[in-house]
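Student: pasting a predicted model and its sequence here:
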Amino acid sequence: MKAVCVALALLAVVLAVAPIVADAHLCMLFPPQREGYGGAAINTAAEMSCFRLKPPCGLNTFVKPTVSVNAGTAYNITFQKNLSHWNSSNPGKFIVSYSPRWTDPHFKPVATISDTSAPSLTLYTTNITIPTNMISLHGVLQVQYVTNSGVGPFYQCADITVL
């Protein structure tokens, strides 16, 4: 009986802490991230649909591309630091990468943006150019938030066509 009580107490602690640990950190707005936003408000810090810790792409499954871009042409992407993990002693960064293969992605960095003390829910827009030798009917754009704060990195991906 005592073992059951201890197990139930431990389960209660784990369930109480789980929402705190499972906060969201990075949302990809344009092109839209895989699996969408679950109807939830992405203008709320710690949005669960934006919480992805495992590479590649937070282990979200691929979707049919809904956005097409031209290789060799500048293109804006927008993402959100949904929950800030700013580390003033060792600032992190956001790495934007692309892979022309959705089945076995090997990402090539196309932009790096330094993390700043900007608060949670800050939007970032950066200009990228997909190289002309990386044309694909189903490529993958990935944003990675490297926090250098002991949590993360966090991942989001969008499936795109590069012509």
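Tutor: All right, it came through fine. Numbers count the residues shown, from 1 in each chain.

Student: pull the residues that contact stretch 102-115.
Tutor: With contact meaning Cβ atoms under 8 Å, 6 or more residues apart in numbering, stretch 102-115 is reached by 56-57, 62, 81, 85-87, 91-99, 124, 126-131, 134, 138-140, 142, 145-148, 159. (C-beta placed from N, C-alpha, C; glycine too.)

Student: how about 7 Å then?
Tutor: 56, 62, 86, 91-99, 124, 126, 128-130, 138-140, 142, 159 (Cβ atoms under 7 Å, 6 or more residues apart in numbering).

Student: just the strands in the chain please.
Tutor: Remark: strands assigned in the chain by DSSP state E are 26-30, 67-69, 74-81, 93-99, 108-114, 122-129, 136-146, 154-162.

Student: ok so, going back, select only the buried ones of the contacts of stretch 102-115 in ChimeraX?
Tutor: Buried residues within the contacts of stretch 102-115, by 16 or more other Cβ atoms under 10 Å, are selected in ChimeraX with:
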select :56,86,92,94,95,96,97,98,99,124,126,128,130,138,139,140,142,159
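
Student: for the strands of the chain, which one sits closest to Met48?
Tutor: Minimum separation from Met48 across those (Cβ to Cβ) falls at strand 26-30, 10.7 Å.

Student: what pairs with the closest one, and is each one parallel or antiparallel?
Tutor: Taking DSSP bridges as the criterion, strand 26-30 forms sheet pairs with strand 74-81 (antiparallel).

Student: how far does the partner strand sit from its chain's centre?
Tutor: 12 Å (Cα atoms, centre = their mean, to the nearest Å).

Student: can you check stretch 68-81 too?
Tutor: Worked out by Cα atoms, centre = their mean, stretch 68-81 lies 15 Å from the chain centre.

Student: could you shift the numbering so residue one becomes 49, and keep it that way?
Tutor: All set: I'll call the first residue 49, so the last point we hit is now stretch 116-129.
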